[in-house]
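[1] Here is a sequence with its predicted model. Questions after.
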Amino acid sequence: GAVVSQHPSRVICKSGTSVKIECRSLDFQATTMFWYRQFPKQSLMLMATSNEGSKATYEQGVEKDKFLINHASLTLSTLTVTSAHPEDSSFYICSASTWRGGYNEQFFGPGTRLTVL
Amino acid sequence: AQSVTQLDSHVSVSEGTPVLLRCNYSSSYSPSLFWYVQHPNKGLQLLLKYTSAATLVKGINGFEAEFKKSETSFHLTKPSAHMSDAAEYFCVVSERGNKLVFGAGTILRVKS
């Protein structure tokens, strides 16, 4: 149980276009989902926290108008990278949290590799 | 703010020998601490977690970690490395409100 999927797994796009990444909790409902970014040979950095039915909370330095997050249901959150540029190329990982073992455990998706040409 | 320092970016061991991945944390509150593993092209998998219960925590695949408050450490160990353990390992601290703060990661190489 507690499986999280992401789609697509890889995407290549041209500079200036927008890309949407989906994150789904397949077998549980998640009131909170998180979006992370991982640059090559670096650790995961939290971009934003997404609660179902409300606006996402962005970390300092993350442009909310560039990285649009929608959390329309308890099983789906989407990240849209608007007007993508080569510096946005990265590995984007989502997680979904659910109460388990006495605390909110996060379950991670397999990630989406974005390459902007 | 909470932070995590993983003391080694790369660790190389021979198959069958012990594994030690070091992690120190900084926290103003009673932290929750985790170790995650990331295999190439796969999602992060939780190995084990400390949430203020027993200080010696046993996880999956024979891994364990000991929470030492006096040393602010949460080192990951395994008595005998297996080839399948080769991956990147992240030490993670949880802030209040469920946010996770990741260490820089340690790449474990297992030699045959």
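    Thanks, I have the structure now. Numbers count the residues shown, from 1 in each chain, chains lettered A, B, ... in the order given.

[2] so how far is the first residue of stretch A:51-70 from its last?
    9 Å (C-alpha to C-alpha, to the nearest Å).

[3] Determine how far it lies from the middle of the whole chain.
    Distance of stretch A:51-70 from the chain centroid (C-alpha atoms, centre = their mean, to the nearest Å) equals 10 Å.

[4] That one close to chain B?
    No: Stretch A:51-70 stays clear of chain B (C-beta under 8 Å from any C-beta of the partner chain), getting no nearer than 8.8 Å. Heads up, the C-betas are built off the backbone N, CA and C, glycines and all.

[5] list the buried ones in that stretch?
    With burial defined by 16 or more other C-beta atoms under 10 Å in any protein chain shown, the residues of stretch A:51-70 counted as buried are A:52, A:56, A:57, A:58, A:62, A:67, A:68, A:69.

[6] quick one: the spatially closest residue to the fifth one that is not a sequence neighbour from chain B, how far?
    In this case it means residue A:62. Excluding the flanking residues, the one nearest residue A:62 by C-beta to C-beta, 6 or more residues apart in numbering or on different chains is residue A:47, at 4.9 Å. Distance of residue A:47 to chain B, computed by C-beta to the nearest C-beta, to the nearest Å: 11 Å.

[7] What helix or strand is residue A:47 located in?
    strand A:44-51 (DSSP states H and E).

[8] For that strand, which strands pair with it and how are they oriented?
    In the sheet, strand A:44-51 lines up against strand A:32-38 (antiparallel), strand A:57-58 (antiparallel) (DSSP bridges).

[9] Sheet-wise, list the partners of the helix or strand just after the shortest one with their directions.
    What that stands for is strand A:57-58. Sequence order places strand A:67-73 as the next helix or strand after strand A:57-58, per DSSP H and E. Here strand A:67-73 has these sheet partners by DSSP bridges: strand A:76-81 (antiparallel).

[10] and the strand it pairs with, how far out from the chain's middle?
    6 Å.

[11] for the nearest residue to residue B:71 once chain neighbours are set aside, helix, strand, or coil?
    Spatial nearest neighbour of residue B:71, chain neighbours left out: residue B:24 (7.6 Å); criterion: C-beta to C-beta, 6+ apart. Here residue B:24 is strand, with the state taken from DSSP: H, G, I helix; E, B strand; the rest coil.

[12] Run through the residues that contact residue B:24.
    By C-beta atoms under 8 Å, 6 or more residues apart in numbering or on different chains, the residues touching residue B:24 are B:4, B:5, B:7, B:71, B:72, B:73, B:74.

[13] wait, what's in contact with residue A:21?
    A:6, A:7, A:8, A:11, A:78, A:79, A:80, A:81, A:92, A:94, A:112, A:114.
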